[in-house]
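**Student:** I would like to see how this sequence folds:
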Amino acid sequence: MADTKVKAASNKSAEITGSGARGKGKAATTGGQPDPVLPGTDAPTMAASGTDLSTQADAPATFPKETYLRWYEQMQLMRKFEDKAGQLYGQQKIKGFCHLYIGQEACVAGAVSALEEGDKYITAYRDHAHPLALGTSPNAVMAELFAKATGCSKGKGGSMHMFDKSVGFMGGHGIVGGQVPMGAGIAFAEKYNKTGKLCICYMGDGAVRQGALHEAFNMAMLWKLPVIFVIENNGYAMGTSVARTSNVTDLYKIGLSYDMPSEPVNGMRVEDVHEAVARAAERARSGQGPTLLEFKTYRYKGHSMSDPAKYRTKEELEDYRLRDAIESVRHTILTNGMATEADLEAIDETIKAQVNEAVEFAETSPYPTPDELYKDVYVQDDYPYIHD
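**Tutor:** Sure, this is the predicted structure:
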């Protein structure tokens, strides 16, 4: 991660405002409906590139070459890994629930490049991409999906409950909104121990209706905890649009009622994510307390593998694919001469090999033994109240 710890070319702090999405122009069409994530914006304007690169203008590079290449590599690993996971789920090699992150990769890659080693990450149950971006072995993540003993949670967590303390990933959590007060608690520990580190706490748009969020926001502001709260607003809480479940559709405004610095961020552009997280981190480390960021993003798959996503149109989905974060970074790399098509193809082949190796590792790894049921339940190894 060290090679991605860079600052934006412009160090100027963006204004925290109560206004809506950044760009102006005609509303993007999404199957004849208003854009559920980026209302009042034009899709080609919001995208630095699209899948048809020949129609796009040159994209100026605002970060070093190494950062763009690292972003490309990280996001492609997330994408290819989850593409394969989806296939394996269909083959019933991965069981239980499985929530894919495909389309939202910039929300993690931009944050990892903006933060420091030792910072903590916590999220909900759409949690495969976070440890991959932080450096957890794809072998360990895939083995966890297979419920194998070599998984990052020893095969006990599966898709929804991955942990890797060694890279600062404090886990995916299955209770909607349950990770929000936990994220504040982790930040409290960092402040209490004077580590100079922070916690970034991710949640979905559905979690903002949970009471625990408001309790956590209040305490975090009262104690000025070093925490960055992130709402990954992909437009749909499970299968219901934000507009049908919340009177406040610009979700970042919820933070304003606690006087918390809050802003919307185009989560389909990794540069925007990096810059917003870097600003929030600076505030957190200087003792100014939390920030709320609403990453306006989109998932290309359903809520989970069992969701056919019939609540949206094909036109809406294709509209968002034109803003794909990986294609945007790829376009910036190529138009600025940072790498050639052959260079990027070589990266793709390396990632493909990594994913295939991860599958083979998971396939050949053993399942946990029955005695593992009694391990990792309590911190105290000889806890006296466990009975056969």
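**Student:** Mind jotting down where the strands sit in the stretch 1-150 of the chain?
**Tutor:** Secondary structure of the stretch 1-150 of the chain, counting by DSSP state E, counting those that start in this stretch: strands at 120-123.
**Student:** Tally up the residues packed near residue 361, please.
**Tutor:** Using other C-beta atoms under 10 Å, residue 361 is surrounded by 18 other residues. All C-beta atoms are positioned from the backbone trio N, CA, C, and that covers glycine.
**Student:** try residue 210
**Tutor:** Neighbours of residue 210 using other C-beta under 10 Å come to 17.
**Student:** residues touching it, list them.
**Tutor:** 176-177, 180 (C-beta atoms under 8 Å, 6 or more residues apart in numbering).
**Student:** Same question for residue 146.
**Tutor:** Shown in contact with residue 146 (C-beta under 8 Å, 6+ apart): 93-94, 155, 362-363, 365.
**Student:** quick one: the helices in the stretch 101-250 of the chain?
**Tutor:** Along the stretch 101-250 of the chain, the stretches classed as helices by DSSP state H, counting those that start in this stretch are 106-114, 129-134, 138-145, 179-192, 211-222, 242-245.
**Student:** And the stretch 251-388 of the chain, by the same measure?
**Tutor:** Along the stretch 251-388 of the chain, the segments classed as helices by DSSP H, counting those that start in this stretch run 253-256, 270-285, 314-321, 325-335, 341-364.
**Student:** ranking those helices by mean pLDDT, which is last?
**Tutor:** Mean pLDDT per stretch puts helix 314-321 lowest among these, at a mean of 84.
**Student:** What are the buried residues along it?
**Tutor:** Within helix 314-321, the residues scored as buried using 16 or more other C-beta atoms under 10 Å are 316-317, 319-321.
**Student:** List just the nearest of those residues to residue 268.
**Tutor:** The shortest approach to residue 268 among these belongs to residue 320, at 7.5 Å (C-beta to C-beta).
**Student:** Isn't that closest one up against residue 103?
**Tutor:** Yes. Between residue 320 and residue 103 there is a contact under C-beta atoms under 8 Å: 6.9 Å.
**Student:** about what we covered before: now, of the contacts of residue 146, which are buried?
**Tutor:** Neighbour-count burial (16+ other C-beta under 10 Å) is assigned, among the contacts of residue 146, to 94, 155, 362, 365.
**Student:** ok, of the residues you listed, which one's closest to residue 279?
**Tutor:** Nearest member of the buried ones among the contacts of residue 146 to residue 279, counting by C-beta to C-beta, is residue 94, at 37.8 Å.
**Student:** Can you give me the separation between that closest one and residue 133?
**Tutor:** 20 Å (C-beta to C-beta, to the nearest Å).
**Student:** Buried residues, the longest helix along the chain. List them.
**Tutor:** Secondary structure of the chain per DSSP state H: the longest helix is helix 65-90. Within helix 65-90, the residues that count as buried by 16+ other C-beta under 10 Å are 67-82, 84-85, 88-89.
**Student:** what about residue 293, how many neighbours?
**Tutor:** Neighbour count for residue 293, taken as other C-beta under 10 Å: 27.
**Student:** Surely residue 354 and residue 76 touch.
**Tutor:** No. With contact defined as C-beta under 8 Å, residue 354 does not count as touching residue 76 (10.1 Å).
**Student:** re earlier: closest to residue 309 out of the contacts of residue 146?
**Tutor:** Nearest to residue 309 among the contacts of residue 146, with distances taken as C-beta to C-beta, is residue 94, at 19.1 Å.
**Student:** what's that closest one in contact with, if anything?
**Tutor:** Applying C-beta under 8 Å, 6+ apart to residue 94 gives the contacts 85, 88, 145-146, 159.
**Student:** how about those in JSON lines, adding pLDDT and distance to residue 311?
**Tutor:** Below are the contacts of residue 94 laid out as JSON lines (pLDDT from 0 to 100; distance: C-beta to C-beta, whole Å):
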{"residue": "85", "pLDDT": "94", "distance to residue 311": "23"}
{"residue": "88", "pLDDT": "93", "distance to residue 311": "26"}
{"residue": "145", "pLDDT": "96", "distance to residue 311": "26"}
{"residue": "146", "pLDDT": "97", "distance to residue 311": "31"}
{"residue": "159", "pLDDT": "92", "distance to residue 311": "22"}
